[in-house]
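Engineer: Let's see this in three dimensions:
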Amino acid sequence: MGKLKKVLLTIGTVIAMVAGTLVPVPAAAAPSTSFQLIAFGVKVDSTATTVTDIGWGRGNSQKGWTEGNWWPGKLVITNVQTNYPGLSGLPDIYVSFDFTANTGARFVDLVRDIQVGTTDLTDNQGWPGYDTGNSSNLPTLAQVRAAQNSVGEAAFPGYTMGESTPGWSATAQVNLPLNGNTPSSLGTAPGTTTDGKHQFVFYADQIKSAVSSSADTIIIYFEMHLSRTFIWSNGLESGYSTPGSDTYPEGGWLYGLDGYTGATPDRRNGSGFAPGSSGHAALNMTGLGNITCQIPVPPQPTGTISGYKWQDDNSNGVKDGSEVFLANWGIHIFGVLDREVFELLLSPGERSGLFISRSRIQKRYGRQTVHFFYLRGDEEVARVEVPAWVAEDEARLGLVHSVVVDQCRRGQGYPVALSEAHEKAVVTGADRDVFWRMVEDAMVDEKLPATESAKSLSKLRRWV
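Structural biologist: Here you go, the predicted model:
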């Protein structure tokens, strides 16, 4: 019995010593707050007629997009409470985007539908108001195009539009330049027409007003507009700046400022002329590193006409804020000529953007490649052709423009120089005969056959 007590005592002492050295295992740390930008992808087959995949994080196919489409993106912030308990210290959200491509083309020119919610969006939710299907229930391409080209703004269920939050100001938050290389800050509008990037900002206080302070997931959704070559090459971007229009609060207000409006608006190609895989959206925020997602680059346009049908109550030819769009109207265009289009778009003395001839012989011309623009005179629209070395020099191009306008006004609608050239350039029958004799003499000197055609000889012979 004494030995048993000693053994039990020894065991108890060991247990006590071991227990004294044990350290409680701490609970696992909560994951840090994560920021992720995700692109909405649309993929189509090689013939660009059938959707093959659609949804968030799918990557982007050029054939899935065209100029003028609205591309959706979302910022997903998870584990919010870890770093920002009760949303305390939540940062302002700055999202930048490619404004001018390195080719000089305008890329993204408008941003709309900026909104915030706490429930992540599914593949069916690419655009508010449209069920875009998913990989197991693919939509038709027509259904996707309707969403990509939709008009107006809308919110997803449970989401709050940025413009509905306290203090929202489109002119102070949407389509602003960057502040040099300083993140989490805004540059001063209008910036320059060649700014590489622009941005929008969603302030933390505005986000907090729209979501619960206990929210652990926050989603910020937005759509970016893939600019149209037709609008930018013709200097029509100031139309986006009409107060009361849908485009004004989407960043269109910027194009009513110096550099984009007036007698010399900014003219350049649209998003289809950006290099492939070059477009990106990014978080321009302090301390978050390089968080980006790719914006799709559409193919170069082959030539389209687009627009809207609306009820023009005051018959002024401009969609005023109170006038409504008209849905499901078929619009047919028959036999439209270039000059008829530019008679509507240009005022007397104005010219269009530059175009390039599609003739196959162009590849032989080198620096003489033919470019042209349309010029509205007092009476008609003319096509003015210039070589590449003029088209690429703004000063020379402007000189051609001004000289042709001046010549037309001096010649009552037709250039004086051409009128005088026509008067001088008269070839008489005698002149023609001398020319052909010179050609024949040159051919004889080179020992080449110089026989006249039977038709020519018949004109010289007398008939009996």
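Engineer: avg pLDDT for stretch 262-280?
Structural biologist: Mean pLDDT, computed over stretch 262-280, is 85.
Engineer: quick one: least confident helix or strand in the chain?
Structural biologist: helix 454-460 (a mean of 49; mean pLDDT, DSSP states H and E).
Engineer: any low-confidence regions in the stretch 1-150 of the chain?
Structural biologist: 1-29, 59-62 (pLDDT under 70).
Engineer: would you list every one of the helices in it?
Structural biologist: 2-21, 80-83, 141-148 (DSSP state H, counting those that start in this stretch).
Engineer: what's the nearest residue to I207 if we skip its chain neighbours?
Structural biologist: Nearest non-adjacent residue to I207, counting by C-beta to C-beta, 6 or more residues apart in numbering: V116, 5.5 Å away. Using the backbone N, CA and C atoms, a C-beta is placed for each residue, glycine as well.
Engineer: now T140
Structural biologist: V51 (7.0 Å).
Engineer: For the one you found, give me its contacts.
Structural biologist: Contacts for V51 (C-beta atoms under 8 Å, 6 or more residues apart in numbering) come out as V42, K43, V44, G64, G133, L138, P139, T140, L141, V144.
Engineer: Now, those that are in strands?
Structural biologist: Among the contacts of V51, the members found in strands (DSSP state E) are V42, K43, V44.
Engineer: what about the nearest residue to the first one once chain neighbours are set aside, distance to T229?
Structural biologist: By that I understand V42. Excluding the flanking residues, the one nearest V42 by C-beta to C-beta, 6+ apart is G64, at 3.5 Å. Separation of G64 from T229 (C-beta to C-beta, to the nearest Å): 18 Å.
Engineer: now G307
Structural biologist: Distance from G307 to T229, counting by C-beta to C-beta: 15 Å.
Engineer: A142 now?
Structural biologist: For A142, the distance to T229 - C-beta to C-beta - is 23 Å.
Engineer: Looking at these two now, which is surrounded by more residues?
Structural biologist: The residue with more neighbours, out of A142 and T229, is T229; 23 against 8, by other C-beta atoms under 10 Å.
Engineer: thought that one was touching E67?
Structural biologist: Yes: counting by C-beta atoms under 8 Å, T229 does reach E67; the two are 6.1 Å apart.
Engineer: got any residues that touch both of the two?
Structural biologist: G270, S271, G272, P301.
Engineer: Please report the distance of the first one from G235.
Structural biologist: Yep, that's G270 we're talking about. In terms of C-beta to C-beta, G270 sits 12 Å off from G235.
Engineer: which ones are touching E223?
Structural biologist: Residues near E223 by C-beta under 8 Å, 6+ apart: W70, W71, P72, G73, V111, R112, D113, W127.
Engineer: then the helix or strand containing it to PDB, C-alphas only?
Structural biologist: Taking DSSP states H and E as the criterion, E223 maps to strand 217-226. Extracted C-alpha coordinates of strand 217-226, given in PDB (Å, rounded to 0.1, in the frame of the first residue of the first chain):
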ATOM      1  CA  THR A 217     -18.600  41.600 -47.900                       C
ATOM      2  CA  ILE A 218     -18.900  44.700 -50.000                       C
ATOM      3  CA  ILE A 219     -19.400  44.700 -53.800                       C
ATOM      4  CA  ILE A 220     -18.900  47.800 -56.000                       C
ATOM      5  CA  TYR A 221     -20.300  47.300 -59.500                       C
ATOM      6  CA  PHE A 222     -19.700  49.600 -62.500                       C
ATOM      7  CA  GLU A 223     -19.800  49.700 -66.300                       C
ATOM      8  CA  MET A 224     -17.300  51.300 -68.600                       C
ATOM      9  CA  HIS A 225     -18.100  52.400 -72.200                       C
ATOM     10  CA  LEU A 226     -15.900  51.200 -75.000                       C
END
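Engineer: Around T188, how many other residues sit close by?
Structural biologist: Neighbours of T188 (other C-beta under 10 Å): 8.
Engineer: which one is it nearest to, not counting chain neighbours?
Structural biologist: In space, T188 comes closest to P177 once its chain neighbours are excluded; the distance is 6.9 Å by C-beta to C-beta, 6+ apart.
Engineer: and the end-to-end length of stretch 360-373?
Structural biologist: End-to-end distance for stretch 360-373: 19 Å, by C-alpha to C-alpha, to the nearest Å.
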